[in-house]
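Asks: take a look and give me a structure for this.
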Amino acid sequence: MNVLSRTSRDLNSGSVDRALLFGIVTLALFGDLMIYSATKVALANAGYDPAYYLKRQTMWICIGLVVMWIVSRVDHRRFELLATPAYIASIGGLVGVIFFGSSALGAQRWFNIGFFQVQPSEFMVLSLILTASAYSARRPQGLVQRDVIRILFMAALPMGIIAIQPDLGTAIIISVTIGIVIVIAGVPPRYMALLAVLGVVGAISAVAVGFLQKYQLARLTAFVNQNSSDPLLADAIYHVDNAKNAIGAGGIKGMGLFNGLQTNLGYVPEQRTDFIFTAIGEQLGLIGSLIFLALLASVACRIFVISKEAKEQFGRLLCVGIFVFFSFSCFQNIGMTMGIMPVTGIPLPMVSYGGTAALVFSGAMGMVLSVSRRRGN
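Replies: Next up, the predicted model:
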């Protein structure tokens with residue numbers, strides 16, 4: 001029997017959470033608008049198509065929404081059977097990108113496929129959530145020591161490969177997400193302390209043995225000492241200062257869409273991706289930023305509520321993992337633009353420019369909607 005076969009009961013067992021669906025679609029459309037607003041003037045001044053990024057992101061949004069709809073129509077319990085194949089395929093993608101991937105900005109994380117790029121590490125996060133949730137769900141009495149060790153090993157292997165690429169941001173996302181899934185799955189309290197100690201020791205060891213790239217270490221050092229006059233940290237501090245200046249320049253009401261010196265003059269790097277929130281702050285101001293944050297919070301809250309209402313362990317853990325994935329990505333992305341988190345390449349879910357991220361988060365939201373459809377079963 002095909003794992004993804006859908007019976008009449010699968011398709012009609014309940015309605016999706018409409019509040020979550022509305023929030024997801026609104027986020028995607030808002031992100032599309034802000035990408036256009038953040039890039040139009042700079043592209044036009046450089047002689048390029050002002051709508052270049054808008055057109056590409058609109059295409060990915062449309063594909064992502066179709067993926068989300070298809071996934072939401074499949075009984076989420078069937079995805080439990082796909083956890084192991086998805087994990088193996090994702091590991092294969094991570095290894096493959098080391099040998100056959102393309103480099104950009106000092107990192108080798110992407111496959112070039114025609115006119116677009118694929119980043120396997122982003123798929124790895126979702127496949128790990130599936131794998132950890134499926135493994136833990138088969139142990140309703142809680143996790144024992146060997147279970148914790150196995151899950152940590154399953155997470156450590158891809159984290160090591162991802163860190164080599166290097167992609168510190170995704171490695172952090174994996175560690176936080178899987179750690180919380182393990183805790184919710186019923187890990188004994190003594191192992192919770194062990195997880196925390198391992199995390200701290202791992203972070204210190206990475207710095208001590210020189211595992212981090214120079215630019216990564218500079219970002220972390222600049223985060224700790226943002227007023228440093230060290231010339232080696234000047235670039236990292238400069239970008240964060242410009243990001244904070246852009247947000248502050250928006251004031252209460254903002255400068256309006258397609259306006260703003262920091263945005264239009266290109267003072268903030270990677271503004272359509274990593275620093276998209278700076279465009280929101282500068283152009284829409286405090287009021288617009290608070291409305292946007294409320295929208296993010298509403299989506300996160302709906303995912304959390306659905307996890308609480310799930311009738312079986314796999315659906316509950318799956319939603320918890322996606323909730324942490326979504327929420328921590330938002331916190332890290334926005335936090336780094338405000339100087340309260342170190343700079344990493346973590347995108348703002350459903351808002352930042354990028355095809356792989358759009359597909360991954362759309363698929364993840366489709367899984368949550370699938371759980372919401374069957375809360376009463």
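Asks: now do the contacts for the spatially closest residue to Ala86 that is not a sequence neighbour.
Replies: Take Ala86 and drop its neighbours on the chain: the residue closest to it by C-beta to C-beta, 6 or more residues apart in numbering is Ser127, 4.0 Å away. To be clear about C-beta, it is placed using only N, CA and C from the backbone, and glycine gets the same treatment. Under the criterion of C-beta atoms under 8 Å, 6 or more residues apart in numbering, the neighbours of Ser127 are 83, 86-87, 89-90.
Asks: give me the element Ser127 is part of.
Replies: Here Ser127, judged by DSSP states H and E, is contained in helix 120-137.
Asks: quick check: next helix or strand after that helix?
Replies: helix 145-164.
Asks: point out where the chain drops to low pLDDT.
Replies: For the chain, the stretches with pLDDT under 70 are 1-13, 101-112, 114-115, 189, 191-236, 376-377.
Asks: so which residues of it form strands?
Replies: Using DSSP state E, the strands found in the chain span residues 102-104, 107-113, 116-118.
Asks: about what we covered before: how much space separates the residue nearest to Ala86 from Met338?
Replies: 31 Å (C-beta to C-beta, to the nearest Å).
Asks: can I get stretch 237-256 as CSV, trimmed to CA atoms?
Replies: Extracted in CSV, the C-alpha atoms of stretch 237-256 (Å, rounded to 0.1, in the frame of the first residue of the first chain):
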residue,chain,number,x,y,z
ILE,A,237,29.5,45.4,14.2
TYR,A,238,28.9,47.7,11.2
HIS,A,239,26.2,45.5,9.8
VAL,A,240,24.4,45.2,13.1
ASP,A,241,24.6,48.9,13.7
ASN,A,242,23.1,49.7,10.3
ALA,A,243,20.4,47.2,11.0
LYS,A,244,19.5,48.8,14.3
ASN,A,245,19.7,52.3,12.6
ALA,A,246,17.3,51.2,9.9
ILE,A,247,14.7,50.0,12.5
GLY,A,248,15.2,53.1,14.6
ALA,A,249,14.8,55.4,11.6
GLY,A,250,11.3,54.1,11.0
GLY,A,251,10.1,55.8,14.1
ILE,A,252,6.4,55.3,15.1
LYS,A,253,4.8,55.3,11.7
GLY,A,254,7.6,54.4,9.3
MET,A,255,8.9,56.0,6.1
GLY,A,256,6.4,54.2,3.9
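Asks: now stretch 293-312 - C-alpha only, PDB.
Replies: Coordinates of each C-alpha in stretch 293-312 appear next as PDB, following Å, rounded to 0.1, in the frame of the first residue of the first chain:
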ATOM      1  CA  LEU A 293       5.000  40.600  15.400                       C
ATOM      2  CA  ALA A 294       1.400  40.000  16.500                       C
ATOM      3  CA  LEU A 295       0.800  38.000  13.300                       C
ATOM      4  CA  LEU A 296       3.900  35.900  13.900                       C
ATOM      5  CA  ALA A 297       2.700  35.300  17.500                       C
ATOM      6  CA  SER A 298      -0.700  34.300  16.400                       C
ATOM      7  CA  VAL A 299       0.700  31.700  14.000                       C
ATOM      8  CA  ALA A 300       2.900  30.300  16.700                       C
ATOM      9  CA  CYS A 301       0.100  30.200  19.200                       C
ATOM     10  CA  ARG A 302      -2.200  28.300  16.800                       C
ATOM     11  CA  ILE A 303       0.600  25.700  16.300                       C
ATOM     12  CA  PHE A 304       1.000  25.300  20.000                       C
ATOM     13  CA  VAL A 305      -2.800  25.000  20.600                       C
ATOM     14  CA  ILE A 306      -3.000  22.300  17.900                       C
ATOM     15  CA  SER A 307      -0.200  20.400  19.500                       C
ATOM     16  CA  LYS A 308      -2.100  20.500  22.800                       C
ATOM     17  CA  GLU A 309      -5.200  19.200  21.100                       C
ATOM     18  CA  ALA A 310      -3.600  16.400  19.200                       C
ATOM     19  CA  LYS A 311      -5.000  13.000  20.100                       C
ATOM     20  CA  GLU A 312      -1.900  10.900  19.700                       C
END
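Asks: now that stretch: buried residues?
Replies: Buried residues in stretch 293-312, counted by 16 or more other C-beta atoms under 10 Å: 295-296, 298-300, 302-307, 310, 312.
Asks: work out which residue lies at the spatial centre of this structure.
Replies: Residue closest to the mean C-alpha point of the chain, counted by C-alpha atoms, centre = their mean, is Ser329 at 4.7 Å.
Asks: for it, give its distance to Val360.
Replies: On the measure of C-beta to C-beta, Ser329 and Val360 end up 10 Å apart.
Asks: next one: Ile184
Replies: Counting by C-beta to C-beta - Ile184 and Val360 are separated by 21 Å.
Asks: what about these two, which has more around it?
Replies: Here Ile184 and Val360 are compared on neighbour count by other C-beta atoms under 10 Å; more neighbours surround Val360, at 24 against 18.
Asks: show me where the protein has helices.
Replies: 8-12, 18-45, 52-72, 83-100, 120-137, 145-164, 168-186, 189-208, 214-224, 234-249, 261-264, 276-309, 313-337, 355-373 (DSSP state H).
Asks: any chance of a markdown table for these, columns distance to Glu270?
Replies: Below are the helices of the chain laid out as a markdown table (distance: least, C-beta to C-beta, whole Å):
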| stretch | distance to Glu270 |
| --- | --- |
| helix 8-12 | 41 |
| helix 18-45 | 10 |
| helix 52-72 | 12 |
| helix 83-100 | 20 |
| helix 120-137 | 16 |
| helix 145-164 | 19 |
| helix 168-186 | 12 |
| helix 189-208 | 24 |
| helix 214-224 | 13 |
| helix 234-249 | 9 |
| helix 261-264 | 12 |
| helix 276-309 | 9 |
| helix 313-337 | 11 |
| helix 355-373 | 13 |
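Asks: filter the contacts of Ser127 to the buried ones?
Replies: Here, 16+ other C-beta under 10 Å leaves 83, 86-87, 90 buried among the contacts of Ser127.
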